[in-house]
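In: Kindly generate the corresponding structure for this input.
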Amino acid sequence: MYRLLRAPLRPVTYSRWLHLCVPMLLLAIWMFVFPRWPWGPLLVVLPFGLVPWVRLAEGLQAQFLLTPHDRGSADGAIGVKASAHWGDRWRTVLWMETRMVFAAVAVPATVWLPAVSVELIAIAAGHPIDPDPMVPFEPGRWTAALLAPVPLLVLMVVVVLLGELVTAAATRLLGPSAAERLTALEARTEQLLERTRIARELHDSIGHALTVAVVQAGAARAAGDPAFTDRALCAIEETGRAALEDLERVLAVLRESGRPPSQRPTLAEAGRLLESARASGSTVDAQLSGSLEKLPGPVTREGYRILQEALTNVLRHCGPVPVRVRVEVAAGGLHLEVTNPLPVRPVVTSGGGSGLRGMRERAALLGGEADTGPYEGGWRVRARLPLERIR
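Out: I've put the predicted structure just below:
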């Protein structure tokens, strides 16, 4: 009841009313040319419904007039795509036939009920009754005055109910199929996973840059050597520039601007990480073997991030200590190992361990494994990423 009372104030009521009346334009033209065949439009629209692009046109019109609040939404209940298979085409045919039936009810009510109200008002005003009256009985003047608003109220009820019914029919017949809904759900899941991956990459990249900057600034202040300070500032500049490139790429993806994101770093660029660690004061013993540039994209990108996080943790928690890095491309996969001694007192102890968990998650997503922990009096990060599942 509350919805019926609010209906005259809602713009969607009148847009649905317009949608109900539009098919009568076809019927009016048809009746002008073929007055003896009033049901002809039901047969005429049948072949049009089999045309794939008709479904797109009907969906756009239905979404614009029946559900304007969902217009432009990717999750709208009414689809705006051309027919992809015969099931969509036959549903479009059924929709067009259903729409004609609703119009055959809405348009006569739109014409007849206001005419009845006008006639009742004329009777109440004392005008003589028309020889061919619209009112099926002869009311008195007071009765006509009381009944005059009733046809308009009935018309509003008819329009609201038919509007709800035609919207439900459009959602059912023009909406996505079960397969399309599953595809959309999978795409949404992939989008959420992509955003989670982006957040992890942002944590790794920015965290690495800030850690290098903090360690370099502290070492330069303690050294008091202008030459060392100059090298430290150069390292901070280079690391900060790389972090800004990653940040811009991530923001471009999050804005969904349509531009392809810039190339993510790979293990072929591992030298940049090693030089950054060396510039921070660490002695890096690195051995990279195998064709790193021929690794599959997911493996080389995730391997780079694991190496980056491992070196970041060394600088963050241990400071400029010696680091041993081994990266090997073997027959079965990529093997990566980073070891370092543990200082007597850690440099920084803050952080909740999300970086270690992130390394394990990266490896697990590719079907590999990563483990971290004490090793021979120091600390070791070891990861194995398989190649067979990726190629």
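
In: Could you say which helix or strand holds the residue nearest to the spatial centre of the chain?
Out: Centroid-nearest residue in the chain: R188, 5.7 Å away (criterion: Cα atoms, centre = their mean). Here R188 sits within helix 178-223, counting by DSSP states H and E.

In: now do V321
Out: Going by DSSP H and E, V321 is not in any helix or strand.

In: Give me the phi and psi angles of it.
Out: phi -100, psi 160 (degrees, to the nearest 10).

In: mind checking how far it is from V344?
Out: Noted for V321: a distance of 11 Å to V344, by Cβ to Cβ, to the nearest Å. All C-beta spots, glycine's among them, are computed from the backbone N, C-alpha and C.

In: Just want to know which of those two has more residues nearby.
Out: With neighbours defined as other Cβ atoms under 10 Å, V321 and V344 compare such that V321 has more, 18 against 4.

In: Surely that one and T339 touch.
Out: No. The pair V321 / T339 is not scored as a contact, 10.5 Å apart, by Cβ atoms under 8 Å.

In: and R384, that's in a strand?
Out: Yes. Checked against DSSP: H, G, I helix; E, B strand; the rest coil, R384 lies within a strand.

In: So it versus A82, what's the distance?
Out: The spacing between R384 and A82, counted by Cβ to Cβ, is 47 Å.

In: Which residue ranges of the chain form strands?
Out: Ranges of strands in the chain, per DSSP state E, are 284-289, 323-329, 333-341, 369-375, 378-386.

In: Remind me what the third one packs against, helices and strands.
Out: Judged by 3 or more Cβ pairs under 8 Å, 6 or more residues apart in numbering; DSSP states H and E, strand 333-341 is in contact with helix 297-317, strand 323-329, strand 378-386.

In: Of the ones you listed, which is nearest R278?
Out: Closest to R278 of the helices and strands packed on strand 333-341 is strand 323-329 (Cβ to Cβ; 9.1 Å).

In: shared neighbours, V321 and V344?
Out: Counting by Cβ atoms under 8 Å, 6 or more residues apart in numbering, V321 and V344 have no contacts in common.

In: Give me the distance between the two termini of stretch 268-284.
Out: Using Cα to Cα, to the nearest Å, one end of stretch 268-284 lies 17 Å from the other.

In: Now do that stretch, average pLDDT.
Out: For stretch 268-284, mean pLDDT rounds to 85.

In: List the backbone torsions phi and psi for K81.
Out: K81 has phi and psi values of phi -130, psi 150 when expressed as degrees, to the nearest 10.
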